[in-house]
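*Asks:* What follows is a protein structure lacking sequence information:
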């Protein structure tokens, strides 16, 4: 039997360092491929504010701002799947017809299409969502068997749903102020969008900032109303059409010996604020991070930073289109090929890249490369390295 000795391990590390950077793999945390901000049920001050709209039918006394968490959570999920609805001016809470997806539109559509029914948690009128009436969505329910945290089987089901790109809507309770409610309309509803360590990232549809139409991106451990415990949850699948996934692209550039290098970036499909990063690599292999300059002032390579640093100082909900992110002064740059890297991350999942691209520009003239000779040397080194590892492993 072959034995692995310290010398073998050392040889393997040496080969890795010879032919590229040795990277340590990490366990991927499941998350939705297209994060978005969701909606605020308590949106009360704005041109399209829906918070004051009546929820339910047949004398239901509720309003979206008070008990519309489930409708707001489901509106976020339907929006994720790209589902749009139309309501006429007569059906709309607002004094005009509407098209698209938000809690107000979904609530109006449900009110006009028998989308509410009676339930034990709200006996007055038809106040509770009739799940089977949701447009273009299939809902599969599960129970969480633990009073605190989430049982192993539920974690597995949630993780598999997220890996498949399916959002999870969860009924939760918190503290002594809310006792949950298995089998009924639970105390509060949130959208689970990904795992974050030992907890889950969520969109909380209750945002106390009534001028904001967006939900709060947080975690189960730090919900707006407290530390949430899941009572039951549902995996929601939607249309088979492709979900819009964010993309980022560095546009091609041509550079003279002196002047400025523009970094033009095209972003599409971003539905929620994302963290941005820009990294610059010199011809010698030195990597540094770039911070967005104030006032569009050109920067020099000396202004870049060695440690991981965000480009924009806060997550940005990028609009579709191309924009110049910065200009780099070429004066003093070493001759050779310089490389840009641009990527976007979900701020709730540091290190999880949502979209990325690479580009390059040349200063001066690149040194000639003897392609055939270099390739031959590379092959020879690989053969020698493998032979060393094999010989050491048989000692």
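*Replies:* Thanks, I have it. What you see is a predicted model; the values in this text were computed from it and never measured.
*Asks:* Now do the helices in the stretch 151-300 of the chain.
*Replies:* Listed in chain order, the helices of the stretch 151-300 of the chain (DSSP state H, counting those that start in this stretch) span 152-163.
*Asks:* all strands for it, in order.
*Replies:* Along the stretch 151-300 of the chain, counting by DSSP state E, counting those that start in this stretch, strands occupy 168-173, 188-196, 199-204, 216-219, 229-237, 247-250, 260-268, 275-281, 287-289.
*Asks:* Would you format the ones you listed as JSON lines with mean pLDDT and distance to residue 65 included?
*Replies:* All C-beta atoms are positioned from the backbone trio N, CA, C, and that covers glycine. Output for the strands of the stretch 151-300 of the chain, formatted as JSON lines (pLDDT from 0 to 100; distance: least, CB to CB, whole Å):
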{"stretch": "strand 168-173", "mean pLDDT": "94", "distance to residue 65": "19"}
{"stretch": "strand 188-196", "mean pLDDT": "93", "distance to residue 65": "14"}
{"stretch": "strand 199-204", "mean pLDDT": "94", "distance to residue 65": "14"}
{"stretch": "strand 216-219", "mean pLDDT": "92", "distance to residue 65": "15"}
{"stretch": "strand 229-237", "mean pLDDT": "94", "distance to residue 65": "23"}
{"stretch": "strand 247-250", "mean pLDDT": "94", "distance to residue 65": "35"}
{"stretch": "strand 260-268", "mean pLDDT": "94", "distance to residue 65": "33"}
{"stretch": "strand 275-281", "mean pLDDT": "96", "distance to residue 65": "30"}
{"stretch": "strand 287-289", "mean pLDDT": "96", "distance to residue 65": "42"}
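*Asks:* Turn those strands into TSV, columns for mean neighbour count and distance to residue 110.
*Replies:* Formatted as TSV, those follow (neighbours: other CB atoms under 10 Å; distance: least, CB to CB, whole Å):
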stretch	mean neighbour count	distance to residue 110
strand 168-173	25	15
strand 188-196	26	15
strand 199-204	26	20
strand 216-219	20	24
strand 229-237	21	15
strand 247-250	18	33
strand 260-268	18	31
strand 275-281	20	35
strand 287-289	16	47
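*Asks:* out of the ones you listed, which comes closest to residue 314?
*Replies:* Ranking these by distance to residue 314, with CB to CB as the measure, places strand 275-281 first at 8.4 Å.
*Asks:* For the closest one, which helices and strands make contact with it?
*Replies:* strand 287-289, strand 321-329, strand 336-345 (3 or more CB pairs under 8 Å, 6 or more residues apart in numbering; DSSP states H and E).
*Asks:* let's go with 10 Å and repeat that
*Replies:* For strand 275-281, the packing partners by 3 or more CB pairs under 10 Å, 6 or more residues apart in numbering; DSSP states H and E come out as strand 260-268, strand 287-289, strand 321-329, strand 336-345, strand 353-363.
*Asks:* one step back: could you work out which of the strands of the stretch 151-300 of the chain reaches nearest to residue 135?
*Replies:* Nearest of those to residue 135, taken as CB to CB: strand 229-237 at 11.9 Å.
*Asks:* which helices and strands does the closest one pack with?
*Replies:* Under the contact criterion of 3+ CB pairs under 10 Å, 6+ apart, strand 229-237 touches helix 69-80, strand 138-143, helix 152-163, strand 168-173, strand 188-196.
*Asks:* out of the ones you listed, which comes closest to residue 96?
*Replies:* Nearest to residue 96, of all these, is helix 69-80, at 18.5 Å by CB to CB.
*Asks:* Just after that closest one, pick out the following helix or strand.
*Replies:* Remark: after helix 69-80, the chain's next helix or strand is strand 85-87, criterion DSSP states H and E.
*Asks:* what are the pairing partners of that following strand, and which direction each?
*Replies:* Each strand paired with strand 85-87, and its direction, by DSSP bridges: strand 98-100 (antiparallel).
*Asks:* Name the residues of the partner strand that are buried.
*Replies:* Buried residues in strand 98-100, counting neighbours by 16 or more other CB atoms under 10 Å, are found at residue 98.
*Asks:* export the helices and strands packed on strand 229-237 to TSV and tack on distance to residue 101?
*Replies:* Output for the helices and strands packed on strand 229-237, formatted as TSV (distance: least, CB to CB, whole Å):
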stretch	distance to residue 101
helix 69-80	4
strand 138-143	17
helix 152-163	21
strand 168-173	15
strand 188-196	14
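*Asks:* among those, which is nearest residue 247?
*Replies:* It is, among these and with distance given as CB to CB, helix 69-80, at 16.6 Å.
*Asks:* Just the angle for that closest one relative to strand 229-237, thanks.
*Replies:* 30 degrees (axes from the mean of the first three to the mean of the last three CA atoms, to 10 degrees).
*Asks:* tell me the mean pLDDT for helix 69-80?
*Replies:* When pLDDT is averaged along helix 69-80, the result is 95.
*Asks:* Ok, stretch 149-161 next?
*Replies:* Stretch 149-161 comes out at a mean pLDDT of 93.
*Asks:* what's that stretch in contact with?
*Replies:* By CB atoms under 10 Å, 6 or more residues apart in numbering, the surrounding residues in contact with stretch 149-161 are 29-32, 140, 142-146, 166-168, 170, 192, 194-195, 198-200, 220, 229-230, 232-237.
*Asks:* switch the cut-off to 6 Å
*Replies:* 30, 142, 144, 145, 168, 230, 235 (CB atoms under 6 Å, 6 or more residues apart in numbering).
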